[in-house]
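Asks: here are the coordinates; sequence isn't available:
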Ligand SMILES: Cc1cc2nc3c(=O)[nH]c(=O)nc-3n(C[C@H](O)[C@H](O)[C@H](O)COP(=O)(O)O)c2cc1C
Ligand code: SF4
Ligand code: FES
């Protein structure tokens, strides 16, 4: 792989400099906090938001929502009062291991990025909502926050601007639903992590009823590069592979030769990621299907490998980019238990608030288990199909349930005969494929 | 004679928390806009001192934060990393999410169960281990993975399990 530079690998270039950069001196020596200094001196909050809009940075937490647009919904002006910036570092989507790298290896990049985002919305306090299992990240972030306070990047009168901003780490206590942004807010407030009804949107009434922005770790970490090198540079980073700009942390897990994580131009093809970077499938393990970006994305097939891994292209293929970290299933692995594993995860992690999700997901697991044992009954596949509709978009309080049925519905579409062969009675006709 | 446990008097409840626990909770209070928000941190403070959250801690935390014991219990039972029962000296959490499932979870889980003699959710009679499932640890490129206490291990073959467990007495 070619050497990483600030211009080509804005997220990870500092990791090529031999020594760790989690201490502030090492980070500052590599252009660290240069973007914060520049923005706070030269850019009005509105200008910074406009810059991020021009760069068309899209949220890396899974939904791809334009970050600058989200920020521009926050009330501004002298009477706007207290506002919060929350960094979503809950990373619990199965198959996803990208934010961990940034949190552990580049804590100051995240803190600098939060200073920038908070400046844009004029937040006075930030929280990093970190999953409890990320023990090393907790330690390093807390140390880095103390260092940043000492140097005046956080606290009262940040860099002499007269603006106060501080950041605290809030470690979670488990449960995938905490990553959903309104559940995250409830959890931060010390409540059960049930999602909230929208509207009002968090931008207007979020944490403690105040305007709140929730952004993913990777989304935020793109900000210093955009400030230093500009919106056209960011757009060009994807080298024409995508209409979206920037780089993306892509990764592969499953039975490949070299599972891992790489910063590549946005829109790199799945084939490039799988074959060049992950070294292809292990011997004897031909690719059968893949999840493009976590457990809550629809399966794609080997024929989709040449697609650009960006939000719009993957959506056109009836899946979602999600977190952008691929999980591969090989031909030796039957699909029904794989789907059962995914649905068991969602059934366990449902917050229990709405009936279709709370009852529908365990039901799907029960049916899938029966089919897996070869004891499915005629009609089971049809029930699974109807569950994918009943738990679909708009039927539940939050996006957990619609996400949960994505791998199920695509597996039924692509591998129906594998489900049918688990139906016991002869009534299951294989001719209907 | 009543078969109902008498309620724990509030003053006694606060007396339940130790000085270091109270100090840890007060420190957290400073980081939030209202006392309720420190609820999860308070439960964690008790758990880190005692290994789990015993019953009298619930009204004690409630009184300290000015919320109801039912609120505290609701939070304590929602989050899977808060233990409302005693656990072993070491908690083993085996990732059962998709990437680990595809790279050898079943063999690993069987080896851990055999070596500890425990099923999911159980704590051994010797109080050494508690065995729990956990969702994706963000270590998927090194699957199959598990965590013991604060340490993440992976990729882990079934044969490596006995030696690994020896590190945790
Ligand atoms: C069930 C569920 C879990 C989620 N988990 C995460 C997560 O762990 N991390 C994350 O950044 N976003 C997660 N999201 C997405 C967030 O709700 C939100 O869209 C995101 O944090 C916004 O940040 P972004 O615009 O920077 O992507 C989750 C969404 C749902 C429905
Ligand atoms: S869809 Fe599921 S996770 Fe989301 S609010 Fe309803 S029950 Fe909770
Ligand atoms: S699936 Fe096991 S660590 Fe991610």
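Replies: Thanks, I have it. Quick caveat, the model's predicted, so the values are computed rather than measured. Ligands and ions are numbered 1, 2, ... in the order given.

Asks: just how off-centre is stretch B:87-96 within its chain?
Replies: 9 Å (CA atoms, centre = their mean, to the nearest Å).

Asks: ends of that stretch, what's the gap?
Replies: For stretch B:87-96, the first and last residues are 20 Å from each other (CA to CA, to the nearest Å).

Asks: list the buried residues for it?
Replies: By neighbour count with 16 or more other CB atoms under 10 Å in any protein chain shown, stretch B:87-96 contains the buried residues B:87-88, B:90-96. For every residue, glycine as well, the C-beta is placed using N, CA and C.

Asks: can you redo those as TSV with pLDDT?
Replies: Shown next, in TSV, are the buried residues of stretch B:87-96 (pLDDT from 0 to 100):
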residue	pLDDT
B:87	97
B:88	97
B:90	97
B:91	97
B:92	98
B:93	98
B:94	98
B:95	98
B:96	98
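
Asks: so where do the helices sit in the stretch 101-250 of chain A?
Replies: A:107-121, A:135-150, A:181-188, A:217-221, A:223-229, A:231-236 (DSSP state H, counting those that start in this stretch).

Asks: closest to chain B out of the ones you listed?
Replies: Closest of these to chain B is helix A:135-150, at 4.4 Å (criterion: CB to the nearest CB).

Asks: so the closest one versus helix A:107-121, what angle?
Replies: For helix A:135-150 against helix A:107-121, the angle by axes from the mean of the first three to the mean of the last three CA atoms, to 10 degrees is 60 degrees.

Asks: and helix A:135-150, what does it pack onto?
Replies: Applying 3 or more CB pairs under 8 Å, 6 or more residues apart in numbering or on different chains; DSSP states H and E, we find helix A:135-150 packed against helix A:24-29, helix A:99-105, helix A:107-121, strand A:125-130, strand A:166-171.

Asks: residue A:320: which of those is closest?
Replies: Closest to residue A:320 of these is helix A:99-105 (CB to CB; 17.8 Å).

Asks: now residue 135. Nearest residue, chain neighbours left out?
Replies: Let's take chain A. Closest residue to residue A:135 apart from its sequence neighbours, by CB to CB, 6 or more residues apart in numbering or on different chains: residue B:150 at 4.4 Å.

Asks: wait, chain B
Replies: Nearest non-adjacent residue to residue B:135 (CB to CB, 6+ apart): residue B:97, at 5.0 Å.

Asks: the one you found: neighbour count?
Replies: By other CB atoms under 10 Å in any protein chain shown, 31 other residues sit near residue B:97.

Asks: that one reaches residue A:95, doesn't it?
Replies: Yes. Contact criterion CB atoms under 8 Å: residue B:97 and residue A:95 qualify, at 7.3 Å.

Asks: how close does residue A:171 get to chain B?
Replies: Per CB to the nearest CB, to the nearest Å, residue A:171 is found 8 Å from chain B.

Asks: could you do residue A:353 as well?
Replies: 11 Å.

Asks: how about that residue, secondary structure?
Replies: Under DSSP: H, G, I helix; E, B strand; the rest coil, the three-state class of residue A:353 is coil.

Asks: give me every residue that touches the closest residue in space to it that isn't next to it in sequence.
Replies: Once flanking residues are discounted, residue A:353 sits nearest to residue A:194: 4.9 Å by CB to CB, 6+ apart. By CB atoms under 8 Å, 6 or more residues apart in numbering or on different chains, the contact set of residue A:194 is A:177, A:183, A:186, A:351-353, A:397.

Asks: next: residue A:339.
Replies: Counted by CB under 8 Å, 6+ apart, residue A:339 has contacts A:368, A:407-408, A:411.

Asks: out of these, which are inside helices?
Replies: A:368, A:407-408, A:411 (DSSP state H).
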